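Participant: Generate coordinates for the sequence data below:
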Amino acid sequence: MTLIRSITFKGRKFSAFRGKHQKRMCQSITVGGKTYKTDDWTNLTETILKKIPQKLYLKENHPLSLLRLKIKQFYSDFFEPRSKDIKVFEELPEIVSTYDNFDSLLVPETHPSRSPQDNYYINSSTLMRAHTTCHYADLFKNGIKQFMIFGDVYRRDQIDRCHYPVFHQMDFVELFKNTLDSPKNESFIVDSLQNNFESLIKYLLGDRVKIRWVEGFFPFTNPSFEMEISFLGDNPQEWMEILGCGVIRQEILDRCILGIN
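Facilitator: So this is what the prediction gives:
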């Protein structure tokens, strides 16, 4: 059984197709110093290309970097003395295969989240990562069982106060020994997951924040949850989704030869 914790600072859920992708005339594109062949799926724009090197979450004294450091401090304190075992990854590759971004996480081939209307494709088999979750399989295969990931992610969002084409995600993953699908043990894991996140959000935002949990859906977790928050007093009328989380599906671990966890 696995506990997966994921925070998205700006983002959206898996969405539906909104139209057909357009063909690109050029035959190659250079991203991150590497040249790739293009095809009918290629839709990476010059605007996004210019943003790729920025890595605001790593810039000293930038608000995103300060938030990153504060989250790291929270988990260092929260898991003391085990915190030394948590591996932290802050510069994993942003260019990933469609297998890593989707298939490794059990996203069906027909799932709308694969749409070129929702992602920035370099070509039909390569894209800018839509979530840092895409790195889980590689880390599991290397025997890493407790880790944090920070990074930029890319989705073709319509810009508003909660959405932007380049946003920033943090993941925390912890593996547990096989619980043989015991409802009691799964309940313990879910309680631990939600308590962990509630403590983190109050650490970041203060005790005045109102928190509620709603049922969510992600192809790679079951059960899945979303946390919503509000600051509008005792009778909040407006809630904002701030993170998604869940218990990672056993099939993913089995593929990574981690079936005992």
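Participant: Just give the number of residues close to the residue nearest to His163 when sequence neighbours are not counted.
Facilitator: Sequence neighbours aside, Asp157 is the residue nearest to His163 in space, at 4.0 Å (criterion: C-beta to C-beta, 6 or more residues apart in numbering). To be clear about C-beta, it is placed using only N, CA and C from the backbone, and glycine gets the same treatment. Neighbourhood size, Asp157 [other C-beta atoms under 10 Å]: 17.
Participant: List the buried residues in stretch 150-160.
Facilitator: Phe150, Gly151, Asp152, Val153, Tyr154, Arg155, Arg156, Asp157 (16 or more other C-beta atoms under 10 Å).
Participant: The first one pairs with what?
Facilitator: The reference is to Phe150. Applying DSSP bridges to Phe150 yields these beta-bridge partners: Met170.
Participant: For it, report the pLDDT, please.
Facilitator: Listed pLDDT for Phe150 reads 98.
Participant: From Ile242, how far off is it?
Facilitator: 16 Å (C-beta to C-beta, to the nearest Å).
Participant: what does Pro81 give?
Facilitator: 29 Å.
Participant: out of these two, which sits in the more crowded spot?
Facilitator: Comparing Pro81 with Ile242 by neighbour count (other C-beta under 10 Å), the higher total belongs to Ile242, at 19 against 6.
Participant: Rounded mean pLDDT for the helix or strand harbouring that one, please.
Facilitator: According to DSSP states H and E, Ile242 maps onto strand 240-248. For strand 240-248, mean pLDDT is 94.
Participant: Check which residues of the following helix or strand past that strand are buried.
Facilitator: Note on strand 240-248: by DSSP H and E, the next helix or strand toward the C-terminus is helix 250-255. Residues Gln250, Ile252, Leu253 are the ones in helix 250-255 that count as buried (16+ other C-beta under 10 Å).
Participant: Export those residues to JSON lines and append columns for distance to Pro219.
Facilitator: Listed next are the buried residues of helix 250-255 as JSON lines, based on distance: C-beta to C-beta, whole Å:
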{"residue": "Gln250", "distance to Pro219": "14"}
{"residue": "Ile252", "distance to Pro219": "10"}
{"residue": "Leu253", "distance to Pro219": "15"}
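Participant: for the chain, what spans make up the strands?
Facilitator: 2-8, 28-31, 34-37, 87-89, 95-97, 121-123, 126-128, 146-154, 166-175, 210-215, 221-230, 240-248 (DSSP state E).
Participant: Nearest to Phe140, out of these?
Facilitator: When the strands of the chain are compared by C-beta to C-beta, strand 166-175 sits nearest Phe140, at 8.3 Å.
Participant: So, low pLDDT: which residues of the protein?
Facilitator: Residues of the chain that meet the criterion pLDDT under 70 lie in 1-26, 178-184, 233-236, 258-261.
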